[in-house]
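**Student:** Sequence and predicted structure are below.
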Amino acid sequence: MDPRMCRKISSSESLPDGENEEFEVSNIIAPQESEENFLLEGNLGRHSVTWLDDDQIEDLDLNLDHTNLFFHRVDSADIIYRSKKKKCKMVGKYVMGDVLGEGSYGKVKEMLDSETLCRRAVKILKKRKLRRIPNGEQNVQREIQLLRILRHKNVIELVDVIYNDEKQKMYLVMEFCVGVLQDMLESTPSKKFPQRQAHEYFTQLLDGLEYLHGQGVVHKDIKPGNLLLTLDQMLKITDFGVAEALDMFSPEDTCYTGQGSPAFQPPEIANGAEQFSGIKVDIWSSGVTLYNMTTGRYPFEGDNVYRLLEAIGRGEPAPPPQNLAPTLQCLLIHMLKRNPDERPSVQEIRRHDWVRSRPPLLSGETVVGPRSRRSDELHSSTVVPYLVERHYASAHHFFTERELRHGK
Ligand SMILES: Nc1ncnc2c1ncn2[C@@H]1O[C@H](COP(=O)(O)OP(=O)(O)OP(=O)(O)O)[C@@H](O)[C@H]1O
């Protein structure tokens, strides 16, 4: 018996493959090929074993932690594997594609706007899940409110918001990006970018930050994981879940809460200050981001979150490695000053020697291409196979997917 595996569920949904009988599941088997899918075995006999797509699983509201009934694990020899069907699905005017990534709030999928033919990304939020996350609903509302008013080339654009009351879901339609800076860093052996590439991204980050701060918005969670790239290498600041709009009538930028990622938090937050300058939090975390992009390391490390925050709260950061350009070392030291008042403003950073001069690409260095964990090298649209299924389903017997997409 394996309590992790199963929970008895029943559903009057048409499952599987359109049969309207009640499908009672006796086994849920973690998938072999794709983390999105589960294999269900139930009362429709051995042949009822089938793949469910994400939305069917979401609609069934499987809760694998909630093990109120236990069943035997199926022997792998008894499992019938079938390739996943790409069933075309539309949300409003958008055609859904594959999952691009997943955050703590929900999945992000690719979509195609059927009217403008623009590629989009959609964050799918479920009300029930949001309620389980501390400040979940509040953070999403804040993110929507802020993104609705922000418009800048280096800030992710919220294109549309769709609500589905029946399913208790919310769809945040955004600009489509092909990569996350953090994934790109992790894909390299040294976990860093050539200085020339880091410079390119850092100057775009400064442009985005200058705009945000000018609009009275502090992000409070700047890190490579929240910096996306479009196919044409445009950097987009994303994830405004913990961002804050400052009081328009106050000359100060005082903030009272910090919920960002620990490794990028400044000493004042690590030490539990009750109020602090929001803008200087963004400067610090942009400094940690630059440190990380150019060295592959962090200025503070710790075995766990508590030790890490203790280290940040206690001391000066590890000095930047000697092999960095002296001007870059000097900029990092300035941005990572313990005293927030001593950290530079975005405008001062812009005037810094390292920012003003564009470092060359050294021999032996290669530029890291945008990539995500899901997309192929050419970043082809994942919506296409769903459209093929919709329009040429029967042709699948005669042609391979490649032939359907590219011709014979
Ligand atoms: N606009 C986008 N275009 C393409 N992919 C995206 C887009 N937004 C998010 N993604 C992908 O979806 C993943 C999850 O994004 P999301 O913003 O929900 O969470 P996160 O910031 O990674 O995590 P958390 O919300 O837990 O901080 C990203 O890591 C990225 O791979």
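**Tutor:** Happy to help now that I have it. Residues are numbered from 1 along each chain as shown.

**Student:** going forward, measure contacts and count neighbours with C-alpha atoms only.
**Tutor:** Will do.

**Student:** show me where the stretch 251-400 of the chain has strands.
**Tutor:** Using DSSP state E, counting those that start in this stretch, the strands of the stretch 251-400 of the chain run over 254-255, 276-277.

**Student:** I figured residue 293 was touching residue 192, is that so?
**Tutor:** Yes. Using Cα atoms under 8 Å, residue 293 is in contact with residue 192, at 4.9 Å.

**Student:** and stretch 386-395, what's its mean pLDDT?
**Tutor:** Throughout stretch 386-395, pLDDT has a mean value of 78.

**Student:** Mind listing what's buried along that stretch?
**Tutor:** Using 16 or more other Cα atoms under 10 Å as the test for burial, stretch 386-395 gives 386, 387, 388, 389.

**Student:** and the gap between residue 169 and residue 148?
**Tutor:** Separation of residue 169 from residue 148 (Cα to Cα, to the nearest Å) stands at 19 Å.

**Student:** can you check residue 177 too?
**Tutor:** To residue 148, residue 177 is 18 Å away according to Cα to Cα.

**Student:** Looking only at neighbour counts, state which of these two leads.
**Tutor:** Set residue 177 next to residue 148 and count neighbours by other Cα atoms under 10 Å: residue 177 wins out with 26 against 14.

**Student:** What residues does residue 354 make contact with?
**Tutor:** Residue 354 sits next to 327, 328, 331 when contact means Cα atoms under 8 Å, 6 or more residues apart in numbering.

**Student:** by contact count, what packs against the helix ranked longest in the chain?
**Tutor:** When the chain is parsed with DSSP state H, its longest helix is helix 195-214. Counting contacts by 3 or more Cα pairs under 8 Å, 6 or more residues apart in numbering; DSSP states H and E, helix 195-214 is packed against strand 235-237, helix 278-295, helix 346-350.

**Student:** Can you add distance to residue 152, mean pLDDT and mean neighbour count and give the ones you listed back as a markdown table?
**Tutor:** Formatted as a markdown table, the helices and strands packed on helix 195-214 follow (distance: least, Cα to Cα, whole Å; pLDDT from 0 to 100; neighbours: other Cα atoms under 10 Å):
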| stretch | distance to residue 152 | mean pLDDT | mean neighbour count |
| --- | --- | --- | --- |
| strand 235-237 | 9 | 98 | 26 |
| helix 278-295 | 17 | 97 | 25 |
| helix 346-350 | 16 | 97 | 15 |
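
**Student:** possible to save the ones you listed as JSON lines with distance to the ligand?
**Tutor:** Formatted as JSON lines, the helices and strands packed on helix 195-214 follow (distance: least, Cα to the nearest ligand atom, whole Å):
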{"stretch": "strand 235-237", "distance to the ligand": "8"}
{"stretch": "helix 278-295", "distance to the ligand": "15"}
{"stretch": "helix 346-350", "distance to the ligand": "23"}
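
**Student:** any chance of these in JSON lines, with distance to residue 258 too?
**Tutor:** Converted to JSON lines, the helices and strands packed on helix 195-214 look like this (distance: least, Cα to Cα, whole Å):
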{"stretch": "strand 235-237", "distance to residue 258": "18"}
{"stretch": "helix 278-295", "distance to residue 258": "9"}
{"stretch": "helix 346-350", "distance to residue 258": "20"}
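
**Student:** Nearest the middle, which residue of this structure would you pick?
**Tutor:** Most central in the chain under Cα atoms, centre = their mean is residue 103, positioned 5.3 Å from the mean C-alpha point.

**Student:** Show me what secondary structure element comes after the helix or strand hosting residue 129.
**Tutor:** Element membership for residue 129, per DSSP states H and E: helix 127-132. Next in sequence after helix 127-132, counting helices and strands by DSSP H and E, comes helix 136-149.

**Student:** coming back round to it: got a list of what the residue nearest to the centre of the chain touches?
**Tutor:** By Cα under 8 Å, 6+ apart, the contact set of residue 103 is empty.

**Student:** Do you know the pLDDT at residue 30?
**Tutor:** 46.

**Student:** Now the phi/psi pair for residue 300, please.
**Tutor:** Residue 300 adopts backbone torsions of phi -130, psi 140, taken as degrees, to the nearest 10.

**Student:** Next one: it from residue 229, what distance?
**Tutor:** From residue 300 to residue 229 the distance is 26 Å (Cα to Cα).

**Student:** Which one's more surrounded, these two?
**Tutor:** residue 229 (24 against 20).

**Student:** Just list whatever residues bridge to the more buried one.
**Tutor:** With DSSP bridges as the criterion, residue 229 is bridged to residue 179, residue 235.

**Student:** show me the contacts for it.
**Tutor:** For residue 229, the contact set (Cα under 8 Å, 6+ apart) comprises 177, 178, 179, 180, 181, 235, 236, 370.

**Student:** from those residues, which two are the most distant?
**Tutor:** By the measure Cα to Cα, 236 and 370 form the most distant pair in the contacts of residue 229, at 12.7 Å.
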